[in-house]
Every structure is written in structure tokens, then in C-alpha cells.
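>>> Okay, structure incoming, though there's no sequence with it:
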């Protein structure tokens, strides 16, 4: 089996993901996955979720490139990309990942600021005088 490519997205972050058979190493932006996320254990667990659900932690090497957004959104984009790549590798993986919502792009983005408002919906403080 050759490399499989998938794109994951979340907010304004994009992750380009290549999944190939290997020993289970994850490299993001040329850096080891553990070093890339530092001490954020819950976010690391969220990224590894598709691999854990399909029991493929040590079967595939993942090389990813992320851009845009913050580290949390990039991690979610990476999770989405890994899920899509695994689903394209094997149809059985799709049946496992779909009920957990890992193949659905989380389309929530920041609402734009409107004219005459402090933020998107916050209006200026009212004063009688």
C-alpha cells in the first residue's frame, strides 16, 4: 500500500496529512508529535483518537503539515485529516469512525464583528444621559 493523502480542517486551521504503513511515528511540520504539542496531554489524546479507535497506533506512520489557527484548532484539523485518511484506506475503519463524528468537519467559525457593535453581538453600554 502506498501513501494516502487527506486534508483536515477546523476553524481557520488546515492540516495536510499523509498516512503510510510504518511503526506508528507522527511528525507534524517536521517536528516530532510529542515536541510539537508539548505538555498538552488531552489534546494529544484527541489527535490519537482515530488511531486508538481503529487499533492502528503502531501500524501507520503519519506525516502532517499544519497552518492557520492556533495549536488546538490545528490539532483538531490533524485529527480530522487522520480520520479521513484511515477511512479511505479501509471501509471498515469508516464504520468505526463515523459514529464518533470524526469524519464530519466541525464548521463552527468565529462570527464577524458588526458595525455599531463592540463585538459580533455585544452592543455599546446604554446611558440615559
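Received it, and whenever you're ready, just let me know what you need. These figures come from a predicted structure and were not determined experimentally.

>>> buried residues in stretch 52-72?
53, 54, 56, 60, 61, 62, 63, 64, 66, 69, 72 (16 or more other C-beta atoms under 10 Å). (Each C-beta comes from the backbone N, C-alpha and C, glycine too.)

>>> State the mean pLDDT of that stretch.
Per-residue pLDDT values over stretch 52-72 give a mean of 94.

>>> Tell me where the longest helix sits in the chain.
Longest among the helix segments of the chain by residue count, using DSSP state H, is helix 71-89.

>>> Now do the very next helix or strand once past that one: which elements does it pack against?
Under the assignment DSSP states H and E, the closest C-terminal helix or strand after helix 71-89 is helix 91-97. Applying 3 or more C-beta pairs under 8 Å, 6 or more residues apart in numbering; DSSP states H and E, we find helix 91-97 packed against helix 41-53, helix 71-89.

>>> quick one: the nearest residue to residue 50 once chain neighbours are set aside from residue 127, how far?
In space, and not counting its chain neighbours, residue 50 is closest to residue 83: 4.3 Å by C-beta to C-beta, 6 or more residues apart in numbering. According to C-beta to C-beta, to the nearest Å, residue 83 stands 51 Å off from residue 127.

>>> Tell me which other helices or strands the host helix or strand of residue 7 touches.
For residue 7, the host element (DSSP H and E) is strand 4-10. Counting contacts by 3+ C-beta pairs under 8 Å, 6+ apart, strand 4-10 packs against strand 13-21, helix 71-89.

>>> now it against strand 13-21, angle please.
For strand 4-10 against strand 13-21, the angle by axes from the mean of the first three to the mean of the last three C-alpha atoms, to 10 degrees is 150 degrees.

>>> List the buried residues in strand 4-10.
Neighbour-count burial for strand 4-10, with 16+ other C-beta under 10 Å as criterion, is recorded at 4, 6, 8, 9, 10.
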